[in-house]
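*Asks:* Provided below are the primary sequence and the corresponding predicted coordinates.
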Amino acid sequence: MSEKTGRLATLALESSPWRSARWLVIAPHADDETLGAGALVHQAAKAERLAGVVILTDGAGSHDHSDAAARARLIRTRRLEAGRAVRRLAGDAAAPPVFLDWPDAQPASPGSIAFDATARRLAALCRERRVDAIAVTGPDDPHCDHQAAAQLAKHAASMARRPLAVFDYVVWGAAPSGAKLRITTRPLRAGLRAYALSAHQSQLTPMFGPGFRLETQRGLRAASDTLYRRDAYG
């Protein structure tokens, strides 16, 4: 059943037209998959409808590194952490994340060779894995990588040669004002999002020295995820 709040319709995922969709989750950074879409990853995986998780950036920008070897170690650690977090949310049989390895905070511009090549790769992935819906950070999220992920998902969807719905999820920003539809997932069981997030030790502890430290309180507040669709639906 849907309810109306102004002009914004709200549906539970399991009673929406996308209840049987195969979902691809695109995260700008390793940890966004848990903070913004962890409940979706879990619910889709339990229904055997998770097509995969894609991590856009290489993770090297979160901390300073003294040389190439230190940079490579940080990237390798963040890959391992993302895989562990996805397994905690989706189960041990889940496919490992796909890493696109864009440099942190240096997104490719729409129309550039790198942007178009990545969009083609994502479009091919959507065809190969029979993706019906993409969840990605919205263009209003206040980080350039989050905004780039939104642009990339929209472009890839237009190239995929299959019907694809694109939904926004929120990590640190506010709910988008231009959404036409809001979908909510089932709540995660208590502690599961925090357990998945604890896989990202490089972002939660000083193991790599001074640098980014994830503030988790806001990201762990919601048991459910909320997805927003901006375009018309039927």
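*Replies:* Sure thing, it's come through. Quick caveat: nothing in here was measured; it's all calculated off a predicted structure.

*Asks:* could you point out the longest helix in the protein?
*Replies:* helix 68-90 (DSSP state H).

*Asks:* pLDDT (mean, whole number) over it?
*Replies:* Across helix 68-90, pLDDT averages out at 98.

*Asks:* Could you measure from the residue lying closest to residue 71 once chain neighbours are set aside over to residue 210?
*Replies:* Nearest residue to residue 71, sequence neighbours excluded (Cβ to Cβ, 6 or more residues apart in numbering): residue 65, at 4.2 Å. Any C-beta I mention is one placed from the backbone N, CA and C, and that applies to glycine too. To residue 210, residue 65 is 11 Å away according to Cβ to Cβ, to the nearest Å.

*Asks:* The residue positioned nearest the centre of the chain: what's it in contact with?
*Replies:* The structure's the chain has its C-alpha centroid closest to residue 27; by Cα atoms, centre = their mean the separation is 3.0 Å. Going by Cβ atoms under 8 Å, 6 or more residues apart in numbering, residue 27 touches 33, 36-37, 53-56, 82, 137, 149.

*Asks:* who's in contact with the residue nearest to residue 71?
*Replies:* For residue 65, the contact set (Cβ under 8 Å, 6+ apart) comprises 71, 73-74, 208.

*Asks:* hmm, which of the residues you listed are the buried ones?
*Replies:* Neighbour-count burial (16 or more other Cβ atoms under 10 Å) applied to the contacts of residue 65 gives 71, 74, 208.

*Asks:* Can you give me every residue that contacts the last one?
*Replies:* If a contact means Cβ under 8 Å, 6+ apart, then residue 208 has 62-63, 65, 74, 77, 202 as its contacts.

*Asks:* for the lengthiest strand in the chain, the distance to its chain's centre please.
*Replies:* Using DSSP state E to define each element, the chain has its longest strand at strand 50-57. In terms of Cα atoms, centre = their mean, to the nearest Å, the centre of strand 50-57 is set 7 Å apart from its chain centre.

*Asks:* What strands line up against it, and which way round?
*Replies:* Note on strand 50-57: by DSSP bridges, its sheet partners are strand 23-27 (parallel), strand 98-102 (parallel).

*Asks:* which of the residues in the last one are buried?
*Replies:* It refers to strand 98-102. Neighbour count says strand 98-102 has 98-100, 102 buried, by 16+ other Cβ under 10 Å.

*Asks:* Give me the contact list for it.
*Replies:* By Cβ under 8 Å, 6+ apart, strand 98-102 touches 52-58, 75, 79, 82, 108, 114, 118, 121-122, 125, 145, 148.

*Asks:* If we ignore the residues flanking it in sequence, what's nearest residue 31?
*Replies:* Excluding the flanking residues, the one nearest residue 31 by Cβ to Cβ, 6+ apart is residue 200, at 4.6 Å.

*Asks:* What is the end-to-end distance of stretch 159-174?
*Replies:* Criterion Cα to Cα, to the nearest Å; first-to-last residue distance in stretch 159-174 is 29 Å.

*Asks:* Just checking the distance from it to the centre of its chain.
*Replies:* 9 Å.

*Asks:* What of stretch 176-191?
*Replies:* Its chain's C-alpha centre and that of stretch 176-191 lie 13 Å apart, by Cα atoms, centre = their mean.
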